[in-house]
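Student: after the sequence you'll find the predicted model.
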2 protein chains.
Amino acid sequence: MMEFSIQRDYFITQLNDTLKAISPRATLPILTGIKIEATQAGIILTGSDSEISIEITIPNQVEGETIVTVNELGSVVLPGRFFVDIIKKLPGKEVKLSTNEQFQTLITSAHSEFNLSGLDPDQYPLLPQVSSDDALQLPVKVLKNIIAQTNFAVSTSETRPVLTGVNWLIQQNELICTATDSHRLAVRKLKLEEEIEDKNVIIPGKALAELNKIMTDSDAYIDIFFASNQVLFRVNHINFISRLLEGHYPDTSRLFPENYETKLGLDNSEFYHAIDRASLLAREGGNNVIKLSTGEDRVELSSTSPEIGTVKEEVTAKDVEGNHLKISFNSKYMMDALKAIDNENVEVEFFGTMKPFILKPQNDDTVIQLILPIRTY
Amino acid sequence: MMEFSIQRDYFITQLNDTLKAISPRATLPILTGIKIEATQAGIILTGSDSEISIEITIPNQVEGETIVTVNELGSVVLPGRFFVDIIKKLPGKEVKLSTNEQFQTLITSAHSEFNLSGLDPDQYPLLPQVSSDDALQLPVKVLKNIIAQTNFAVSTSETRPVLTGVNWLIQQNELICTATDSHRLAVRKLKLEEEIEDKNVIIPGKALAELNKIMTDSDAYIDIFFASNQVLFRVNHINFISRLLEGHYPDTSRLFPENYETKLGLDNSEFYHAIDRASLLAREGGNNVIKLSTGEDRVELSSTSPEIGTVKEEVTAKDVEGNHLKISFNSKYMMDALKAIDNENVEVEFFGTMKPFILKPQNDDTVIQLILPIRTY
């Protein structure tokens, strides 16, 4: 017997964020719904696909303006996407919701009236409780950056489930985020300003991708709380909860070779676009292979697709050190890595034709991208 | 042994338009390509899926600026989408193309160099010749309007192929365009200013949809030439050719009833949005059925989906004449028709619960939309 009215525009924004946790292919039918709870403090929306959950609180007032008026406390679960479609199309500025004892829900706005069959909120799974002690606090901007620089490298294959997540290692007040699909590896390091307990967890890549979408206020700070098998991200009025992946993340620290044989200094954008063009043919060839060979002051890229043709690109190098080198690699991995470098000058260190090579921003050790070459020469 | 250089930006725009005629699933492999011809007058691009063909002439100069420099005349066929992707990503402002006797084509721009296997242009089908006499000339704006008001109503089923096209009937200096899928019918009439011979042709709906996409200059005029089984649309430097559908279009003039039993005057937008909302439920119910019943000064719309719920909408009528009425219809047909009305005031004339009804803009007989009701009452 819940009853409340709410500003429609504000409601839509929050519903859209809640929807991001909901999968239309939920195994538990009630999880295709949104749980709506009218409390004294406002409306609480919950969406979940059992891997991630989003809980949003809509306060009664925002900046002095009344958003919600609750007449009767209560709750109901309504069909997610369908309910949001209705709210979006209603004619009035305000929407009124009321439920009866059978969870039939009447939705009215101006001359429009919907009557939906709701579900019993007691059937909705309880969200995991995560203690709010010992938070790691980061600017949203920084967290979005960390996600952009590591998340693309997680594995999409379930053969080694731990590799579908990003390893967050906190030790000696440094956060080290690592992702790899065993063909390439991305690392981002961050010195933490506050004292925090050591941690070693694996956060699912999909969860980080969804979290990234709902963090729109890049001036905000986000609080991160770790439990034994859950992590809670709290930003403004949103709680985002993800389960952690179980298992041990491989120790990748020994993968990084030292003493390069060849080192290149390149313009990131010029190098990226040359590879982008060469990859048009590499893709048609079906294997994405691009060959690179170094010259005195330049790099030559080439690719061949027997049926279609060949491509040759020349990129001017700002710096070439060490031996001349020929090496082949997957164009997609290289483009992903260059995007993650986030600096107009990129350094590439090679350790021989058959060994993994490394990309870094110039004069910056917080981002490291490692790629395995392809054997062609 | 064709050789020319061309401004890349201008080339991309024209290639994109040419691509619109090309289907990646062409039955004749050479039709996945673009034919490129270097002539003394400039470059001619041709794309075709054998149903429609687009021929674009890129002149040597545009507004005094040199676009094309032809060094050797000749022609080649290059893989369509792939070639366009390359041109889009090249680094320079200018692109140079040259072919050898085996139609190997060298594409260069700044430090980038592609070598593609081209095909013999003699293998490319000849475009149908359409005589340029006796043109029907229309402003592009008007033609786009005619297409928007009729094309949506063509049949998507091949069981009666003539219904997949729009009937263009020219008689007594009036153009009458008719489309129907046998559940609803759309008519648009246009008085012609110039004398023109009577015609009765059927233009494929798909061709009109593609034509609509490439007519971007709405201040231009388009010339339309009819041959026995082809139609040529010429606008600026583009020739768009479509085959005509064979067969006899049904005579629909007798379908329009007279002397309505009930007549409504409604606000188009208000009515449209009320149906849009009601159709959310109608769609979930699987049959798109909306019920309408008239009152003293209003219309009530409703729909039910047994598992999900019900919806009720009230729309204020500006005018209600004749008997009270209850009728059911497909929400999609109604929304399509209201969009085609293109006037804020719409008149709906009913001839009884079981008979087709008519929608028209207020005080305007050039657009008529007819819809068959659904038997529910």
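Tutor: Yes, it's here.

Student: could I get the full set of strands for the stretch 101-250 of chain A?
Tutor: A:104-109, A:112-117, A:136-139, A:165-171, A:174-180, A:184-191, A:199-204, A:221-226, A:230-235, A:238-243 (DSSP state E, counting those that start in this stretch).

Student: pLDDT of the second one, averaged?
Tutor: Mean pLDDT, computed over strand A:112-117, is 96.

Student: re the thing from before, out of the strands of the stretch 101-250 of chain A, which gets nearest to chain B?
Tutor: Chain B lies closest to strand A:112-117 among the strands of the stretch 101-250 of chain A, at 4.0 Å (Cβ to the nearest Cβ). In this view, the C-beta of every residue, glycine as well, is placed from N, C-alpha and C.

Student: could you save the strands of the stretch 101-250 of chain A as JSON lines and add columns showing mean neighbour count?
Tutor: JSON lines is the format used below for the strands of the stretch 101-250 of chain A (neighbours: other Cβ atoms under 10 Å in any protein chain shown):
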{"stretch": "strand A:104-109", "mean neighbour count": "19"}
{"stretch": "strand A:112-117", "mean neighbour count": "21"}
{"stretch": "strand A:136-139", "mean neighbour count": "17"}
{"stretch": "strand A:165-171", "mean neighbour count": "21"}
{"stretch": "strand A:174-180", "mean neighbour count": "21"}
{"stretch": "strand A:184-191", "mean neighbour count": "20"}
{"stretch": "strand A:199-204", "mean neighbour count": "19"}
{"stretch": "strand A:221-226", "mean neighbour count": "19"}
{"stretch": "strand A:230-235", "mean neighbour count": "22"}
{"stretch": "strand A:238-243", "mean neighbour count": "21"}
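
Student: who in the stretch 251-377 of chain A is up against chain B?
Tutor: A:273-274, A:276-277, A:280-281, A:284, A:307-315 (Cβ under 8 Å from any Cβ of the partner chain).

Student: centre of the chain to the lengthiest helix in chain A, how far?
Tutor: Of all segments of type helix in chain A, defined using DSSP state H, the longest is helix A:268-284. Distance of helix A:268-284 from its chain centroid, counting by Cα atoms, centre = their mean, to the nearest Å, is 25 Å.

Student: which helices and strands sit right next to the helix or strand just after that helix?
Tutor: Following helix A:268-284 in sequence order, the next helix or strand is strand A:289-294 (DSSP states H and E). Under the contact definition 3 or more Cβ pairs under 8 Å, 6 or more residues apart in numbering or on different chains; DSSP states H and E, strand A:289-294 sits against helix A:268-284, strand A:298-305, strand A:326-330, helix A:331-341.

Student: tell me which residue lies nearest the centroid of chain A.
Tutor: Taking Cα atoms, centre = their mean, the centroid of chain A lies closest to A:Ala209, which sits 2.1 Å from it.

Student: distance of it relative to chain B?
Tutor: 27 Å (Cβ to the nearest Cβ, to the nearest Å).

Student: about what we covered before: can I get the helices and strands packed on strand A:289-294 in a markdown table with mean neighbour count and mean pLDDT?
Tutor: Formatted as a markdown table, the helices and strands packed on strand A:289-294 follow (neighbours: other Cβ atoms under 10 Å in any protein chain shown; pLDDT from 0 to 100):
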| stretch | mean neighbour count | mean pLDDT |
| --- | --- | --- |
| helix A:268-284 | 21 | 94 |
| strand A:298-305 | 20 | 95 |
| strand A:326-330 | 19 | 96 |
| helix A:331-341 | 21 | 96 |
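
Student: of all these, which lies closest to B:Gly33?
Tutor: Taking Cβ to Cβ, helix A:268-284 is the member of those nearest to B:Gly33, at 14.3 Å.

Student: thank you kindly, that will do.
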